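*Asks:* Sequence unavailable; structure follows:
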């Protein structure tokens with residue numbers, strides 16, 4: 001059946017049918033030392049029309065998050081690792097196994113790679129029971145081993161009670177667990193997850209991620225996880241690689257990449273609502289800070305970085321990091337206090353998004369073309385401050401809430 005199956009067909013079954021001989025081979029040699037050797041090393045160059053994917057990365061056992069906008073090349077990259085798309089140049093290697101190497105013409109077929117792949121669509125077989133779905137890729141195993149594997153993975157993902165239930169009669173969260181179990185029961189060398197949890201609520205998502213972490217404590221394989229969600233980046237949180245337009249923009253821990261981005265594109269993806277052009281006005285090495293002008297008479301004190309007076313930078317500030325007052329604040333440790341006028345307030349669920357026109361240090365009334373800052377408040381804060389368009393306000397911003405980026 002494997003030899004006759006197209007790559008599209010393999011993808012529709014979420015990687016279940018590629019399991020048998022690869023899983024048997026890996027299970028016979030699975031040791032902690034071998035698991036630590038399962039590092040994925042990839043260099044992928046692929047042109048698809050006008051889009052070019054050109055990426056190099058390594059992924060140790062554990063979670064590596066691929067984060068970026070739609071069209072960045074995240075799914076194409078996973079497809080190259082799985083073998084569904086053949087790169088034009090490069091190599092893909094897991095441990096000592098070379099999946100693809102252009103220079104030596106090595107190309108392991110999809111069904112022989114031992115790669116588990118779970119998609120957003122899941123592709124469970126609705127007419128089969130949960131047990132039958134999970135065991136779909138184990139047809140060539142002895143019955144006893146097949147039953148052992150199925151029972152173990154059902155317990156690991158807390159779906160043993162669903163064993164006899166048809167897949168069409170289980171919930172969305174249960175379907176996600178079954179899809180993961182079906183892929184992991186084959187003992188893959190690598191697990192690829194293409195936004196599999198995007199449709200779930202936060203508590204369900206958190207529990208599934210916890211179960212997946214626990215499973216991988218013993219199996220120690222690289223898990224490549226694609227997401228658009230900043231929350232998932234921090235929740236999964238071992239290493240994140242930011243992709244945009246087929247290139248790696250940044251990589252590191254979620255804290256390094258998402259809370260202190262060095263590029264404007266990454267700052268936008270990481271949720272910095274306010275990004276300003278800035279000019280360095282003065283530097284204060286003894287204080288570890290510098291003063292930057294972001295508009296006429298509007299200045300921000302920022303953390304010190306290597307920059308000449310007069311040089312151009314970009315400064316990012318999250319809307320949720322800005323405090324708002326209706327009278328001039330006194331005796332604060334925060335170094336940036338900017339007066340302004342409330343231009344608009346819009347409620348989005350339980351958050352109020354405010355646009356404030358900045359007056360600057362000269363306290364002149366803002367013009368139409370003056371700099372604006374977005375500020376996020378709770379409903380209670382809006383109501384207690386009795387805010388409305390036209391209200392005079394002061395913005396309070398800590399120095400270390402101002403993230404400096406090179407132009």
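*Replies:* Arrived safely. Because the structure is predicted, anything quoted here is derived from the model rather than measured.
*Asks:* Show me where the protein has its helices.
*Replies:* Per DSSP state H, the chain carries helices over the ranges 7-12, 20-28, 32-36, 74-82, 130-134, 143-156, 172-184, 202-219, 230-236, 254, 264-269, 379-385.
*Asks:* ranking the ones you listed by mean pLDDT, which is last?
*Replies:* Mean pLDDT across the helices of the chain is lowest at helix 7-12; the value there is a mean of 44.
*Asks:* in the chain, which segments are predicted with low confidence?
*Replies:* Applying pLDDT under 70 to the chain picks out residues 1-37, 237, 360-369, 407.
*Asks:* re the thing from before, just put the helices of the chain in JSON lines and tack on mean neighbour count and distance to residue 357.
*Replies:* For every residue, glycine as well, the C-beta is placed using N, CA and C. As requested, these are exported to JSON lines (neighbours: other C-beta atoms under 10 Å; distance: least, C-beta to C-beta, whole Å):
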{"stretch": "helix 7-12", "mean neighbour count": "15", "distance to residue 357": "51"}
{"stretch": "helix 20-28", "mean neighbour count": "16", "distance to residue 357": "62"}
{"stretch": "helix 32-36", "mean neighbour count": "12", "distance to residue 357": "56"}
{"stretch": "helix 74-82", "mean neighbour count": "23", "distance to residue 357": "38"}
{"stretch": "helix 130-134", "mean neighbour count": "24", "distance to residue 357": "57"}
{"stretch": "helix 143-156", "mean neighbour count": "16", "distance to residue 357": "55"}
{"stretch": "helix 172-184", "mean neighbour count": "24", "distance to residue 357": "44"}
{"stretch": "helix 202-219", "mean neighbour count": "15", "distance to residue 357": "35"}
{"stretch": "helix 230-236", "mean neighbour count": "18", "distance to residue 357": "28"}
{"stretch": "helix 254", "mean neighbour count": "20", "distance to residue 357": "34"}
{"stretch": "helix 264-269", "mean neighbour count": "19", "distance to residue 357": "22"}
{"stretch": "helix 379-385", "mean neighbour count": "13", "distance to residue 357": "17"}
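*Asks:* Make TSV out of the ones you listed and add distance to residue 336.
*Replies:* Formatted as TSV, those follow (distance: least, C-beta to C-beta, whole Å):
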stretch	distance to residue 336
helix 7-12	51
helix 20-28	56
helix 32-36	47
helix 74-82	36
helix 130-134	56
helix 143-156	50
helix 172-184	44
helix 202-219	33
helix 230-236	24
helix 254	26
helix 264-269	18
helix 379-385	19
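*Asks:* among those helices, which is nearest residue 338?
*Replies:* Closest of the helices of the chain to residue 338 is helix 379-385, at 16.6 Å (criterion: C-beta to C-beta).
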